[in-house]
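Student: Sharing a sequence plus its predicted fold:
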Amino acid sequence: MSNKSLKLSNQICFPIYLTSRLVTKTYKPFLDKMGITYPQYLVLLVLWECNNLSVTQIKEKLHLDTNTLSPMLSRMEKLKLIKKSKSHIDARNVIIQLNEKGKILKEQANLIPKKLLEALIDEKVSLSEIKQLKSMLNELTFILSSSSKN
C-alpha cells in the first residue's frame, strides 16, 4: 500500500526548495563577476539599504543563525567589503559598515534584479504573477517564522 502524502510530487517543500536553488543558480554568473557568494550578496543588500548595522540586526533581517553569519562576515571583512567595530553604546555589540569596495559593488549589482526578472518572466509567467508569488512567499515566511517561535 502506497502513501500518497509521501510522494515527492505531492510535497509543497520540494518546488520551493528547487526554485530557491535555481534562482540562486541564476544569480551566480552576476555574483561571480563581483567576487561574492549569494549569502554575501544578501548581507550587502541589507547594508546598502542601511549601513552601520549590528550583527544582531543583520541576523534578524536575514533570518540567519549567528554561527552562520559570523564566519561569513569574517570572510567579507577579509575581502575588504565590510569593516567591523565595537558599538560606542554597548561594547558587546559589533557594528558592521561597508568599506569602499562594498559601496562600489552596489553600482555593479544595480542591474541584477532586472536581469533576474528577465530570466523569470516569459509567456507563461507575468510580472504581476511574480509579484503575487513574492507576496505569498512573504506571508508564508511570516506564518512559519511566527509558528517556530512558539
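Tutor: Structure's in. What do you need? In this text the structure is predicted, and so the values were computed from the model without any measurement.

Student: Report the central residue of the protein.
Tutor: Leu42 (3.8 Å; C-alpha atoms, centre = their mean).

Student: Pull the contacting residues for it.
Tutor: Leu62 (C-beta atoms under 8 Å, 6 or more residues apart in numbering). Just so you know, the C-beta spots here come from the backbone N, C-alpha and C atoms, and that holds for glycine as well.

Student: State the distance from it to Met72.
Tutor: Counting by C-beta to C-beta, to the nearest Å, the gap between Leu42 and Met72 amounts to 9 Å.

Student: try Asp32
Tutor: Computed with C-beta to C-beta, the distance linking Asp32 and Met72 is 17 Å.

Student: of the two, who's got more company?
Tutor: Using other C-beta atoms under 10 Å, the more surrounded residue of Asp32 and Met72 is Met72, with 17 against 10.

Student: Burial check on the spatially closest residue to the more buried one that is not a sequence neighbour, number of neighbours?
Tutor: The shortest distance from Met72 to any residue other than its chain neighbours is 5.8 Å, reached at Pro39 (C-beta to C-beta, 6 or more residues apart in numbering). Around Pro39 sit 17 other residues, with neighbours defined as other C-beta under 10 Å.

Student: need the strands for the chain, in chain order.
Tutor: Secondary structure of the chain (DSSP state E): strands at 53-54, 82-86, 94-98.

Student: wait, which of those is closest to Met136?
Tutor: strand 53-54 (27.8 Å; C-beta to C-beta).

Student: other SSEs contacting the closest one?
Tutor: Based on contacts counted as 3 or more C-beta pairs under 8 Å, 6 or more residues apart in numbering; DSSP states H and E, the elements that strand 53-54 packs against are strand 94-98.

Student: in the strand it packs on, what's buried?
Tutor: Val94, Ile95, Ile96, Leu98 (16 or more other C-beta atoms under 10 Å).

Student: same deal with stretch 17-25?
Tutor: Those buried within stretch 17-25 under the rule 16+ other C-beta under 10 Å: there are none.

Student: Convert the C-alpha atoms of it to PDB, please.
Tutor: What follows is stretch 17-25, C-alpha atoms only, in PDB (Å, rounded to 0.1, in the frame of the first residue of the first chain):
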ATOM      1  CA  TYR A  17      13.500  24.200  -2.400                       C
ATOM      2  CA  LEU A  18      14.100  23.600  -6.100                       C
ATOM      3  CA  THR A  19      13.000  27.100  -7.100                       C
ATOM      4  CA  SER A  20      15.300  28.500  -4.500                       C
ATOM      5  CA  ARG A  21      18.300  26.500  -5.800                       C
ATOM      6  CA  LEU A  22      17.500  27.500  -9.400                       C
ATOM      7  CA  VAL A  23      17.100  31.200  -8.600                       C
ATOM      8  CA  THR A  24      20.400  31.200  -6.700                       C
ATOM      9  CA  LYS A  25      22.000  29.500  -9.700                       C
END
